[in-house]
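S.K.: Dropping the sequence and predicted coords here.
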Amino acid sequence: MQRLSFLLGALLVAVMCSTAGAQQASSANETRCIGFAHGIASGDPRPDSIILWTRYTPQANVNTEVSVDWYMSTSPNITAQTAELQGTATTSQAADYISKVDVRNLEPDTRYYYFFQSGNYSSLLGTTRTAPPVNANATIRFAQMSCASWRWGFFNVYNMTSRVKDLDFIVFLGDWIYEYSDSEYPAAGQGVQGRAPLIPSNELATLDDYRARHRLFRTDGSLVEMMRRVPVIAIWDDHDVTADNAYENGTANPVDGVPYATRKCNGVQAYHEYMPIRPPNASEAGARASTAGQNAAGQNDSSTDANLGNATCGGLVDIYRTFQFGRTMTLVMLEERLLAREEQYNYTNDPYIQALEAHAPEEWDTLPDLQAKRQGYYAALEARNRSLAGSVQLKRLASDFASSRQTGVTWQVLGNTVVMGPLNTPDVQSAVEDQGFVTEAVLDGILSTATSDFLEVVPAKFGGTARVLVGTGKYHDPVILDGWSGYQYERSKILDILAHNTTNPVVLSGDIHNAIVWRLYPDNTTTPVAIEFTTASVTAPGVDLLAAKLPGDTPQLMQVAEKGLHISNSQSMHYSNIRQRGAVFHTVALHLWHADYSFVDTTQELNSQFDCQAAFELRPGAANQVVNASCTPRAQLFYELYGPQDPLQTSAIGSPSLSQAAAPGTQLSNCSAVPDDAQDSSADSTGAGATASSGDGYGSGVSIYSQSSDAAKAKSFVGWMVLCLLSLLML
């Protein structure tokens, strides 16, 4: 009996030790940092309120509430004793220790400084700004950006944006994070060198997965620096909350064993936790305040409609929001993924696409029924039941823009994730001839490429070869149907709203990773109703990667691709840059809209040169006519980070680096392991990097939230083994 007890006890201890060792090994992927290791942020600015955000990690993962104090003041010399506003937020493990506070009764058009504190730890010092009063003749400057993939490059676009002078807010149009595993988009071994490993390494599906990926992004120094300096107005796109080409009831990239509805709600919850946005409406906000770590519920200007399918995910799917910035501008953020979107049109079964695939290019013009099939293709794309935003949101949009026009607001702006321009496939055949290249050589190279080689760039539904791309380009048709080209009935509805419910409409978009300026034409018309500004991505590649995957001379193919885009979209496309990553910085006044298209030289190295390369202007009364302009002079657009014009430089804490806690005598964080090569992404205005002065700071994705050192792993392993051996000796 004693021997049996010993054996059972030994077996139990062995199981405990092996389990503990496995848990220790898995947790080694994420270094645990006590304190404020994930930065601060603000968002959804209104004239009298703003959202403040942070994440505080306590000593141990215990399911008890943690108190986090927040302080806010109009003075940069803010302390806990001198703060003009202060309060306490409570958070817990159930909310992943997130604190979100909707601070109200603020002064309009006012710069505020803020920080958080809990015990002996305090956050970075941050600054934010409220919107101007509704009757103000204000000049607004905001950034437009989208699509930040961790493994495709460093966030040098965020580094650039941190230096923009007088920046009022950022409009982020989706794909703040990407859901892919560490072997997809890009393939294993193809990502940028020097980045910390992707966490988690698997494709996102569970709530813990989405939270961990958000935490990883919140350790990037460029992201942290940008987010503590300017409020963000964000909307999600497919990669944020589910997967590629998501729609209301599914995605092109499901995960085995996890129902889509569950995965969707996991992504939605994590997005609300980690992004400084308001919940959909007051009643839901109050009910869910504890789960998001808030101590004050937010308000949404637009009421929730019971018909909108927002009952899922705790009512958090409806993130349609409206913002007003004085008499200058009304901004509407439209939800375009989860509320009402039908599945993308499956063109692989379409007779027109099948005909292009089945016949050689020299046969296309002689096929007797090809044009009839092409008309059928467009009829399918124009079907009335093909919903993207849904009728309820379109009614809101019409009402909000009409109200803006009636109250005398100059600009009505649509924050829209996917492209509204036609986005027809590049006409490479005409482009090759136009550029004077040898047509047969270039086309033969393109046509010989299997579409499986394009998987990192375009969907894999084009058949076996690139014929469909060449064919739809030849006839100037769209084939990327995730944008408004695949939902043309609702697109026409929006263009009608822009034509009749606005004074001076402007459309913003992202998604395609390339910078473009579009003229938006209703069907069968010759006069555009609005201009659309599409931003380049932060890191994710665009047509440039597609050209790089084709056989032949890549610079030559880039010329062909860009020229082909302009030929097939000749009526609509005013400008393009398909080579670089960047953002658009808009300066908007009552009398003028000025857009600076700005780019970084590279995302493949930490820090980069950057500058404005093209600029465009719109004028009230002729907002549908875009004209080329000169870039804003560099000294008027950018300032030196931590220099004399930096609003954080005047604070009492001295240099506001990413290793400096806001409250004297406190720490920012205390991490169990920080690599020696941790780097601070802050730099001078040329984009040159600087080494971090402390491990308790933020890096380029190589510090704070990284794999533990081998020594730390060995020490932990030895500790577990000693504990196990002692347990065995006691049996």
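M.R.: Okay, I see it.
S.K.: average pLDDT for stretch 326-334?
M.R.: If you average the pLDDT over stretch 326-334, you get 98.
S.K.: how distant is it from the center of its chain?
M.R.: 20 Å (C-alpha atoms, centre = their mean, to the nearest Å).
S.K.: let's have the chain start at 51 instead
M.R.: Got it, first residue is 51 now, which makes that one stretch 376-384.
S.K.: can you give me the end-to-end distance of that stretch?
M.R.: 21 Å (C-alpha to C-alpha, to the nearest Å).
S.K.: all strands of the stretch 251-400 of the chain, in order?
M.R.: Under the criterion DSSP state E, counting those that start in this stretch, strands of the stretch 251-400 of the chain are mapped to 282-284, 371-375, 379-383.
S.K.: what's the nearest residue to the residue nearest the centre of the chain if we skip its chain neighbours?
M.R.: Nearest to the geometric centre of the chain sits residue 226, at 2.4 Å (C-alpha atoms, centre = their mean). Distances taken as C-beta to C-beta, 6 or more residues apart in numbering put residue 290 closest to residue 226, at 5.6 Å, once the chain neighbours are dropped. In short, each C-beta sits where N, CA and C put it, glycine included.
S.K.: The one you found: neighbour count?
M.R.: Look at residue 290: counted by other C-beta atoms under 10 Å, it has 28 neighbours.
S.K.: what about it, distance to residue 263?
M.R.: Using C-beta to C-beta, to the nearest Å, residue 290 is found at 10 Å from residue 263.
S.K.: so what sits against both of those two?
M.R.: Contact criterion C-beta atoms under 8 Å, 6 or more residues apart in numbering; residues shared by residue 290 and residue 263: residue 227.
S.K.: How about the contacts made by residue 295?
M.R.: Neighbours of residue 295 in contact, by C-beta under 8 Å, 6+ apart: 288, 301, 302, 303, 394, 509, 532.
S.K.: about what we covered before: the residue nearest to the centre of the chain: what secondary structure?
M.R.: coil (DSSP: H, G, I helix; E, B strand; the rest coil).
S.K.: Contact partners for it?
M.R.: 198, 267, 284, 286, 290, 321, 325.
S.K.: likewise residue 688?
M.R.: 210, 213, 214, 215, 735.
S.K.: Looking at these, which is nearest residue 127?
M.R.: residue 215 (21.7 Å; C-beta to C-beta).
S.K.: residues in contact with the closest one?
M.R.: Residue 215 neighbours (C-beta under 8 Å, 6+ apart): 191, 686, 687, 688, 689, 695.
S.K.: Kindly state the pLDDT recorded for the last one?
M.R.: We note a pLDDT of 92 for residue 695 in this prediction.
S.K.: Roughly how far does it sit from residue 370?
M.R.: Relative to residue 370, and taking C-beta to C-beta, residue 695 is found at 36 Å.
S.K.: and what of the first one?
M.R.: Remark: distance between residue 191 and residue 370 (C-beta to C-beta) = 25 Å.
S.K.: Looking at the two, which is more packed in?
M.R.: residue 370 (27 against 20).
S.K.: list the contacts for that one?
M.R.: Counting by C-beta under 8 Å, 6+ apart, residue 370 has contacts 330, 352, 382, 383, 384, 385, 443, 446.
S.K.: again, but for residue 202
M.R.: Per C-beta under 8 Å, 6+ apart, neighbours of residue 202: 235, 236, 241, 242, 589, 590, 591, 653.
S.K.: what's the closest of those to residue 536?
M.R.: So of those, ranked by how close each gets to residue 536 (C-beta to C-beta), first place is residue 590, at 20.1 Å.
S.K.: In this structure the closest one contacts residue 225, no?
M.R.: Yes: using C-beta atoms under 8 Å, residue 590 makes contact with residue 225 at a distance of 7.1 Å.
S.K.: who touches both of these two?
M.R.: In contact with both residue 590 and residue 225: 197, 198, 199, using C-beta under 8 Å, 6+ apart.
S.K.: mind checking how far residue 245 is from residue 225?
M.R.: Distance from residue 245 to residue 225, by C-beta to C-beta: 17 Å.
S.K.: So for these two, which sits in the more crowded spot?
M.R.: Shown here are residue 245 and residue 225; by other C-beta under 10 Å, residue 225 has more neighbours (25 against 18).
S.K.: Against residue 295, how distant is the more buried one?
M.R.: Distance from residue 225 to residue 295, by C-beta to C-beta: 12 Å.
S.K.: can you list residues touching both of those two?
M.R.: residue 288.
S.K.: Give me the distance from stretch 422-436 to the chain's centre.
M.R.: That offset, for stretch 422-436, works out to 32 Å (C-alpha atoms, centre = their mean).
S.K.: Could you list the residues in contact with that stretch?
M.R.: 392, 395, 397, 400-403, 405, 525, 527-528, 531, 535-540.
S.K.: Tell me where the stretch 601-750 of the chain has helices.
M.R.: For the stretch 601-750 of the chain, the helices defined by DSSP state H, counting those that start in this stretch cover 604-618, 684-687.
S.K.: what's the closest of those to residue 315?
M.R.: The closest of those to residue 315 is helix 604-618. By C-beta to C-beta, the value is 37.8 Å.
S.K.: Could you report the pLDDT at the closest residue to residue 263 other than its chain neighbours?
M.R.: In space, and not counting its chain neighbours, residue 263 is closest to residue 227: 5.2 Å by C-beta to C-beta, 6+ apart. Looking at residue 227, its pLDDT reads 98.
S.K.: mind listing the helices in the stretch 151-300 of the chain by residue range?
M.R.: 206-211, 257-267, 271-277, 288-291.
S.K.: With distance to residue 584 and mean pLDDT added, can I get those helices in CSV?
M.R.: Converted to CSV, the helices of the stretch 151-300 of the chain look like this (distance: least, C-beta to C-beta, whole Å; pLDDT from 0 to 100):
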stretch, distance to residue 584, mean pLDDT
helix 206-211, 15, 98
helix 257-267, 23, 98
helix 271-277, 21, 97
helix 288-291, 17, 97
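S.K.: Nearest to residue 170, out of the ones you listed?
M.R.: Nearest of these (C-beta to C-beta): helix 271-277, 20.8 Å.
S.K.: What is the closest one packed up against?
M.R.: Helices and strands touching helix 271-277, as assessed by 3 or more C-beta pairs under 8 Å, 6 or more residues apart in numbering; DSSP states H and E, comprise strand 90-96, helix 206-211, strand 729-733.
S.K.: Any chance of CSV for the ones you listed, columns mean neighbour count and distance to residue 664?
M.R.: Putting the helices and strands packed on helix 271-277 into CSV (neighbours: other C-beta atoms under 10 Å; distance: least, C-beta to C-beta, whole Å) gives the following:
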stretch, mean neighbour count, distance to residue 664
strand 90-96, 25, 28
helix 206-211, 28, 15
strand 729-733, 25, 24
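S.K.: Out of the ones you listed, flag the one nearest residue 631.
M.R.: Checked against C-beta to C-beta, the stretch from the helices and strands packed on helix 271-277 lying closest is helix 206-211, at 5.8 Å.
S.K.: what's next to that closest one, contact-wise?
M.R.: Residues outside helix 206-211 that contact it (C-beta under 8 Å, 6+ apart) are 193, 195, 198, 217, 220, 270, 272-273, 275-276, 280, 588-589, 631-633, 635, 648, 650, 652-653, 656-658, 660, 688, 731-733, 737.
S.K.: and if we set it to 7 Å?
M.R.: 193, 195, 220, 272-273, 276, 588, 631-633, 648, 650, 653, 657-658, 660, 731, 733, 737 (C-beta atoms under 7 Å, 6 or more residues apart in numbering).
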